[in-house]
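Colleague: pasting the sequence and the predicted coordinates here, then a few questions.
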Amino acid sequence: MTSHGGRRTQAERDAITVEIGYALCSAAFAAAVVFGAVAGPALLFDLPDTPERLLLRAGLVLAPVLFAARAVSVLVRFRKADQPGRTSPDS
């Protein structure tokens, strides 16, 4: 990014767009996998009421938390790699 506070170039805007897309897609995939792993047994098998409710609720709590954590971690890592004075993985 420009360090002078000027306008971003098209390449910089494209890089940000790609990074946001990657963050959202990878976060959605990770959340879906965790939800499937935690709540999947409750959906696939005939479990007693209490364990079934606990697994479903745990999946419904963990999936959005993981989604947010993954999206934020990807975007923060992108921002740190883009600061002046830092070495880019491409260099």
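Modeller: Everything's here; your move.
Colleague: going by C-alpha atoms from here, please, whenever you check contacts or count neighbours.
Modeller: Fine.
Colleague: which stretches of this structure aren't confidently modelled?
Modeller: 1-5, 83-91 (pLDDT under 70).
Colleague: and the helices in it?
Modeller: Applying DSSP state H to the chain gives helices spanning 10-44, 49-81.
Colleague: report the buried residues of the longest one.
Modeller: When burial is assessed from 16 or more other C-alpha atoms under 10 Å, helix 10-44 yields the following buried residues: 16, 19-20, 23-24, 26-28, 30-32, 34-36, 38-40, 42.
Colleague: do the same with the last one
Modeller: Taking 16+ other C-alpha under 10 Å as the neighbour-count basis, helix 49-81 is seen to contain the buried residues 52, 55-56, 59-60, 63-64, 66-67, 70-72, 74-75, 78.
Colleague: from these, which is closest to Arg8?
Modeller: Nearest to Arg8 out of these is Phe78 (C-alpha to C-alpha; 15.7 Å).
Colleague: ok, and the closest non-adjacent residue to that closest one?
Modeller: Glu19 (7.4 Å; C-alpha to C-alpha, 6 or more residues apart in numbering).
Colleague: could you check how far that neighbour is from Gln10?
Modeller: Distance of Glu19 to Gln10, computed by C-alpha to C-alpha, to the nearest Å: 14 Å.
Colleague: what of Val76?
Modeller: Counting by C-alpha to C-alpha, the gap from Val76 to Gln10 is 21 Å.
Colleague: check Tyr22 too.
Modeller: Noted for Tyr22: a distance of 18 Å to Gln10, by C-alpha to C-alpha.
Colleague: C-alpha coordinates for stretch 61-74, CSV please?
Modeller: What follows is stretch 61-74, C-alpha atoms only, in CSV (Å, rounded to 0.1, in the frame of the first residue of the first chain):
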residue,chain,number,x,y,z
VAL,A,61,-21.6,-21.9,18.8
LEU,A,62,-18.2,-23.1,17.6
ALA,A,63,-18.8,-22.6,13.8
PRO,A,64,-19.4,-18.8,13.9
VAL,A,65,-16.6,-18.3,16.4
LEU,A,66,-14.2,-20.2,14.2
PHE,A,67,-15.5,-18.3,11.1
ALA,A,68,-14.7,-15.0,12.7
ALA,A,69,-11.4,-16.0,14.1
ARG,A,70,-10.2,-17.4,10.7
ALA,A,71,-11.4,-14.4,8.7
VAL,A,72,-9.7,-12.0,11.1
SER,A,73,-6.5,-13.9,11.3
VAL,A,74,-6.1,-14.1,7.5
